[in-house]
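Asker: got a structure for you, letters missing:
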């Protein structure tokens, strides 16, 4: 039975969506200011229109949706899913007005790709895009990576009723502090500190690569936002390959790895508990999966003679595996090279790395290391149960900031989300194959979209069919929010329509 | 026409036809890999095995930056999509993706390059002659062209800001609506009893 939402639930949802859009509108003023400083009048006007739409939405919801009631669990989760959809539409306005997109659907594709930190793009003529619009593309990636609801929780303490539901609904189950508002603020502090350090490191590597100082600063800010938030947009059309520099590649690897780690782990290390780095189950799991996928891919590329020498293997093979595994999507090769030059087994390993993803409560997408570990342990527990005497009581733990017990409930929750991801990867691939693409390429692109990675083997382009674009948008949205809040929103809509 | 002049014309025609045939047959030996003129980045990427370590001639717009490296070398990004000559915001035409190649060359080969494609500029159109590598051992496995010769064949130029359509009107309408909502919010806040 699907319960029909109460009127008060809908009012609370709309009011909170309005708050999210107020933040989004305020964020548009930053690239608008940059455009004004550089005399890019038309892009500044585009961003101003986008900001006005956001402010207007907030104003209308604030006027009409007055409620101090605490939202129900389902309403809190649905708020998040709806916020992301509405944010996509309004974030797409300045992109569409720039004239670099073939349709509003294309602009929505890039907006969702940015918000969900995917990095797939269908933009035209990127190399002639205005600075302001380009900064907006990267800024939405930064906002989406932190979580747009996290921003609302950070700034609107008084209006944070249902904060826990909204926080969890955005794909983050962990609370670093008992209070989710403190947790949200910590996430922002960590990100801003890393922003300063990461941007400086990337900037110095860009200066070494030959970029002028001012352009280098712009590029480094964009690359940090896209790298740390495991997004994958870049200011130029040739991705990281544009710079032809091993130092830029090393600097972005550092940022990508920082982004794929759990914020709780960052908190432990910042608090002086460096031992957590060696004991944490996610670090161990990521270490194993990253090492295994990198080793197989490197051996595969070396065996087929795809790249000459160790440096080339590192800069192409290892880099792409880290980029895929972390969910970033920076590229040091052309997308078609995956298909034309890489052996099928290596391409398959990239798909596996993308599907696994980074750590939970990070900016990375995919199944996540914690779930991979618990799923593997669950299989092992079942085998041990079969071997043990019937009266034996088996207890299994894992270490994630503290010792935790693996219960049947934990295993069920993990397996449900893992199954959702795998199913979504396959369904997306089937939709793509309908249009005649080979299954391996379809699975590559579908996994990349759903795990919010952004690597492409050439399917994603402005000319791909509209249904594939819509499928990828849904995959990016559902994958970023880890399905549950999207399912709850759909259930709520069905409940409303059925009138029960 | 006399018989002699007809025979002379016939001979001349035969010689011309022979020379033309010889030129066409000899062309693949001297011309770039594409057979006649330049080759596109798409053709090079799709057939990288075929063109690997072969001389090619490639033409496109220089975009972004000249990345100067030690020893007097530099990298440039050369795009051969249609936007090189007809930027999107000026002509409002969407005709291609984002295609281009990295070109490694000596810095002095870029002395004539003045305009780099960006929002404000249409970059210089250059023709590059050089060796194509699908994975250059000298450059960390990059798919690129190592240039022997770079020539600017068409100068770039500055372009104006993008054209305005109905956006100013929309901005005014939205601005007025926002003012109205702001006034209503103010009125609502004032009429609410103090806590």
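Answerer: Received the coordinates, thanks. Computed from a predicted structure; not experimentally measured.
Asker: next up, the contacts around residue 138.
Answerer: Answering for chain A, as no chain was given. Counting by CB atoms under 8 Å, 6 or more residues apart in numbering or on different chains, residue A:138 touches A:114, A:221, A:222, A:225, A:226, A:231, A:233, A:235. C-betas here are computed from N, CA, C, even on glycine.
Asker: chain B is the one I meant
Answerer: residue B:146.
Asker: what is the neighbour count of residue 130?
Answerer: With no chain named, the answer covers chain A. Look at residue A:130: counted by other CB atoms under 10 Å in any protein chain shown, it has 27 neighbours.
Asker: meant chain B, my bad for not saying
Answerer: 21.
Asker: for it, pull up the helix or strand it's in.
Answerer: strand B:125-136 (DSSP states H and E).
Asker: after that strand, which helix or strand is next?
Answerer: In N-to-C order, the element after strand B:125-136 by DSSP H and E is strand B:142-154.
Asker: that following strand packs against which elements?
Answerer: strand B:54-69, strand B:100-106, strand B:125-136 (3 or more CB pairs under 8 Å, 6 or more residues apart in numbering or on different chains; DSSP states H and E).
Asker: before we move on, the earlier item: inside strands: which ones of the contacts of residue A:138?
Answerer: When DSSP state E is applied, the contacts of residue A:138 are split such that none fall in strands.
Asker: out of those, which is nearest to chain B?
Answerer: residue A:235 (8.5 Å; CB to the nearest CB).
Asker: so the closest one sits against residue A:217, correct?
Answerer: No: assessed by CB atoms under 8 Å, residue A:235 is found out of contact with residue A:217, at 11.5 Å.
Asker: the more surrounded of those two?
Answerer: Taking other CB under 10 Å, residue A:235 and residue A:217 do not tie; residue A:235 has more neighbours (23 against 17).
Asker: and the more buried one, what is it in contact with?
Answerer: A:134, A:138, A:218, A:219, A:222, A:223.
Asker: tell me how many other residues crowd the last one.
Answerer: The one in question is residue A:223. Using other CB under 10 Å, residue A:223 has 28 other residues around it.
Asker: nearest residue to it in space, please, no chain neighbours.
Answerer: residue A:202 (5.2 Å; CB to CB, 6 or more residues apart in numbering or on different chains).
Asker: in what element of secondary structure is the one you found found?
Answerer: Going by DSSP H and E, residue A:202 is part of helix A:180-209.
Asker: in that helix, what counts as buried?
Answerer: A:180-181, A:183-188, A:190-191, A:194-195, A:198-199, A:201-203, A:205-209 (16 or more other CB atoms under 10 Å in any protein chain shown).
Asker: one more: stretch A:17-27?
Answerer: Quick answer for stretch A:17-27 (16+ other CB under 10 Å): A:17, A:18, A:19, A:20, A:21, A:22, A:23, A:24, A:25, A:27.
Asker: mind putting those residues into a markdown table with secondary structure, pLDDT and distance to residue A:263?
Answerer: Shown next, in a markdown table, are the buried residues of stretch A:17-27 (DSSP: H, G, I helix; E, B strand; the rest coil; pLDDT from 0 to 100; distance: CB to CB, whole Å):
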| residue | secondary structure | pLDDT | distance to residue A:263 |
| --- | --- | --- | --- |
| A:17 | helix | 90 | 25 |
| A:18 | helix | 91 | 27 |
| A:19 | helix | 89 | 22 |
| A:20 | helix | 90 | 20 |
| A:21 | helix | 92 | 25 |
| A:22 | helix | 92 | 24 |
| A:23 | helix | 91 | 20 |
| A:24 | helix | 94 | 22 |
| A:25 | helix | 95 | 26 |
| A:27 | helix | 95 | 21 |
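Asker: chain B: which of these is nearest?
Answerer: Among these, and counting by CB to the nearest CB, the member closest to chain B is residue A:25, at 10.1 Å.
Asker: before we move on, back to that, quick one: which of the contacts of residue A:138 has the lowest pLDDT value?
Answerer: Among these, residue A:231 carries the lowest pLDDT, at 89.
Asker: just the mean pLDDT for the helix holding residue A:202, thanks.
Answerer: On average, helix A:180-209 scores 90.
Asker: check contacts around the residue lying closest to residue A:350 once chain neighbours are set aside.
Answerer: For residue A:350, ignoring the flanking residues on the chain, the nearest one in space by CB to CB, 6+ apart is residue A:324 at 5.1 Å. Residue A:324 makes contact with A:350, A:353, A:354, A:448, A:453, A:455 under the criterion CB under 8 Å, 6+ apart.
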